[in-house]
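Asker: how does the following fold in three dimensions:
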Amino acid sequence: MRLKTSASLLAAVAVAMSMGTAMAGTVLVDDFTQLGTPPASASQNAWNVSGLTNVHGGVREQNKTGGSASTYSIAGGHLRMSTTATGAGNNWEVWYDGVSAAPATSGSFSSFPNPSPGPINASGMTWLNVVMPQVAPSGNGTGTAAPAIIATVKWSTSAAASVQTSTLELGLDEIKNGGFSFKLSDFTAPVGNVTFIRGVKIRLQGLVAVNATTPGVSEFDRLFFSTRPLPEPGTFALAAMGLVGLVVARRKMR
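Answerer: Predicted coordinates for the structure are as follows:
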């Protein structure tokens, strides 16, 4: 009986530890549950949507530049872009600054009110996490645009303080557990002791097709600030083992 009880306790601890990591405190930027209607034409590379909930500032702006035509679509609540570029990389930007720009605007992040609409109170947050179920393969890029994912954060320490701009670049090969984690202290002008996040931009660059007949596909699922990075794959394995242990222990007790 003691062995069974110990197994149950260990399983419960495993579940608690893993779920605690996965469910750490977060501040949402975009959960991509409201997506709007994608452009019908692959030649319309800008797609901006306003009046959104669960989105920082209520506005999601995005633009694709470089390479050949790309197509936006919606898949199971995910925002998806397919690219047919093979020689040169496509660049895809999604940004949030509370300003609804014309669809033709290409990645502008300069028109930025102080304070912006809908500031995020992200005090205590130390990571910016980007959940992406899949990312298109990376190519050579063009010029200095090496394959990478780049996060840009505009922030200030108070509503009256001046706005600062910080960036951090990760290689596309650094995707882990279906996403990317940006440590705020690693940004240029480290983002620390933040009271207000004023705006966020995520840039994927150097995206290419799988081959001449298979497009490269990238998907956004969730974008949020958190006290922790995305959990490692082992965290979910620990959770699964814990749940199995609970079931087995309970059955044996019966």
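
Asker: packing partners for the longest strand along the chain?
Answerer: In the chain, taking DSSP state E as the definition, the longest strand is strand 196-207. Under the contact criterion of 3 or more C-beta pairs under 8 Å, 6 or more residues apart in numbering; DSSP states H and E, the helices and strands touching strand 196-207 comprise strand 90-96, strand 120-121, strand 148-156, strand 216-220, strand 222-226. The C-beta positions use only the backbone N, C-alpha and C, and glycine is treated the same way.

Asker: rounded mean pLDDT for the second one, please.
Answerer: Strand 120-121 carries an average pLDDT of 80.

Asker: which secondary structure elements does it contact?
Answerer: Contact partners of strand 120-121 among helices and strands, from 3+ C-beta pairs under 8 Å, 6+ apart: strand 26-30, strand 196-207.

Asker: including mean neighbour count and distance to Gly25, could the helices and strands packed on strand 196-207 go into CSV?
Answerer: Formatted as CSV, those follow (neighbours: other C-beta atoms under 10 Å; distance: least, C-beta to C-beta, whole Å):
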stretch, mean neighbour count, distance to Gly25
strand 90-96, 26, 20
strand 120-121, 18, 12
strand 148-156, 21, 18
strand 216-220, 23, 21
strand 222-226, 23, 7
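
Asker: want to throw these into TSV with distance to Ser73?
Answerer: Rendered in TSV, the data for those read as follows (distance: least, C-beta to C-beta, whole Å):
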stretch	distance to Ser73
strand 90-96	13
strand 120-121	28
strand 148-156	20
strand 216-220	9
strand 222-226	18
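
Asker: worst average pLDDT in those?
Answerer: Across the helices and strands packed on strand 196-207, strand 120-121 has the smallest mean pLDDT, namely a mean of 80.

Asker: who does the helix or strand that comes right after that one pair up with?
Answerer: Proceeding N to C from strand 120-121, the next assigned helix or strand is strand 127-131, under DSSP states H and E. Here strand 127-131 is paired, per DSSP bridges, with strand 179-183 (antiparallel), strand 222-226 (antiparallel).

Asker: list the buried ones in the first one?
Answerer: Neighbour-count burial for strand 179-183 flags 179-182 (criterion: 16 or more other C-beta atoms under 10 Å).
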